[in-house]
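> return atomic coordinates for the entry below.
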Amino acid sequence: MSAELKRTLTLYGLIMVAVGSTIGSGIFRTPGSIVAQVHLPEYAIGLWILGGLHCRGPYIC
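Purely as a prediction, here's the structure:
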């Protein structure tokens, strides 16, 4: 008794794949340019943490 799932991709699913790909590629492209500008990995990590807190800030309260 095996039920096969129907393979479908809706417009919403296609949009989510495109958005995820765009955001995902940016995560790997950005750190190199930031480290090149600040010259210290500690500053780059600090900026990364501050950016994450900045994005998360409105959702904490």
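> hey, which helix is longest across this structure?
Among the elements of the chain assigned as helix by DSSP state H, the one spanning the most residues is helix 11-38.
> off-centre distance for that helix?
6 Å (Cα atoms, centre = their mean, to the nearest Å).
> can you name the element that comes right after it?
Under the assignment DSSP states H and E, the closest C-terminal helix or strand after helix 11-38 is helix 41-60.
> in that following helix, what's buried?
A44 (16 or more other Cβ atoms under 10 Å). All C-beta atoms are positioned from the backbone trio N, CA, C, and that covers glycine.
> what is the mean pLDDT for that helix?
Here helix 41-60 scores 83 as its mean pLDDT.
> and the contacts of that helix?
Outside of helix 41-60, the residues within contact range by Cβ atoms under 8 Å, 6 or more residues apart in numbering are 31, 34-35, 38.
> and these, which two are furthest apart?
Farthest apart among those by Cβ to Cβ are P31 and V38. That separation is 10.7 Å.
> re earlier: tell me what the longest helix of the chain is packed against?
Under the contact definition 3 or more Cβ pairs under 8 Å, 6 or more residues apart in numbering; DSSP states H and E, helix 11-38 sits against helix 41-60.
> now the angle from the helix it packs on to helix 11-38?
With axes from the mean of the first three to the mean of the last three Cα atoms, to 10 degrees applied, the angle from helix 41-60 to helix 11-38 works out at 140 degrees.
> which SS state does K6 fall under?
Using DSSP: H, G, I helix; E, B strand; the rest coil, the structure places K6 in coil.
> phi and psi next, for it.
For K6, the backbone dihedrals (degrees, to the nearest 10) come out as phi -80, psi 130.
> number of residues surrounding it?
K6 has 5 neighbouring residues, counting by other Cβ atoms under 10 Å.
> measure it to V17 for me?
18 Å (Cβ to Cβ, to the nearest Å).
> can you check T10 too?
Distance from T10 to V17, by Cβ to Cβ: 11 Å.
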